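Student: what follows is a protein structure lacking sequence information:
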């Protein structure tokens, strides 16, 4: 009794291939993963600010923080929306009324351009303190070039 192997050329047909090559799929998925890892940090910063560098490690977040940015001209932005200096105190009072899961006001990330004068940053920090927003984190650029 002879066994018919798929490699024999009797009928001109091949047996269907029962294996799937997953190497191209893995390659494509790894490329997509790298693309998302590179572009995700770029989506968080909306206001271009030249941050000073620091060797401090990143903080853990419990809820979505409020981001206050001050650019090199001294313009103030709250979550990417421009705010006049005289309209900042009432806006900070409204933000202080919001409470998180722990019953505390939200955390504030303060981003200020390194070319900005110390007085302007302290003026905004004083308004934050007056409104009761005491959980303020100063955002700096990591020494490796990324934002913390």
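Tutor: Arrived safely. Because the structure is predicted, anything quoted here is derived from the model rather than measured.

Student: what about the helices in this structure?
Tutor: 23-39, 88-97, 118-131 (DSSP state H).

Student: take those and write them to TSV, including mean pLDDT and distance to residue 14.
Tutor: For every residue, glycine as well, the C-beta is placed using N, CA and C. Formatted as TSV, the helices of the chain follow (pLDDT from 0 to 100; distance: least, Cβ to Cβ, whole Å):
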stretch	mean pLDDT	distance to residue 14
helix 23-39	90	22
helix 88-97	88	69
helix 118-131	88	73
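
Student: mind checking which of these is nearest residue 53?
Tutor: Minimum separation from residue 53 across the helices of the chain (Cβ to Cβ) falls at helix 118-131, 16.1 Å.

Student: for the closest one, name the packing helices and strands.
Tutor: If you count contacts as 3 or more Cβ pairs under 8 Å, 6 or more residues apart in numbering; DSSP states H and E, helix 118-131 packs onto strand 66-70, helix 88-97, strand 108-112.

Student: any chance of the helices of the chain in JSON lines, plus mean neighbour count?
Tutor: Below are the helices of the chain laid out as JSON lines (neighbours: other Cβ atoms under 10 Å):
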{"stretch": "helix 23-39", "mean neighbour count": "10"}
{"stretch": "helix 88-97", "mean neighbour count": "15"}
{"stretch": "helix 118-131", "mean neighbour count": "15"}
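
Student: for those, could you give me a markdown table that also reports distance to residue 109?
Tutor: Compiled in a markdown table, those are given as follows (distance: least, Cβ to Cβ, whole Å):
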| stretch | distance to residue 109 |
| --- | --- |
| helix 23-39 | 20 |
| helix 88-97 | 12 |
| helix 118-131 | 11 |
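
Student: ok, which of those helices comes nearest residue 56?
Tutor: Taking the helices of the chain one by one with Cβ to Cβ, helix 118-131 is closest: 16.9 Å.

Student: ok, residues contacting that closest one?
Tutor: Residues outside helix 118-131 that contact it (Cβ atoms under 8 Å, 6 or more residues apart in numbering) are 68, 70, 74, 76, 88-89, 92-93, 95-96, 108, 110, 112, 134, 136.

Student: 6 Å instead, please
Tutor: 74, 88, 89, 92, 93, 96, 112, 136 (Cβ atoms under 6 Å, 6 or more residues apart in numbering).

Student: thanks a lot, catch you later.
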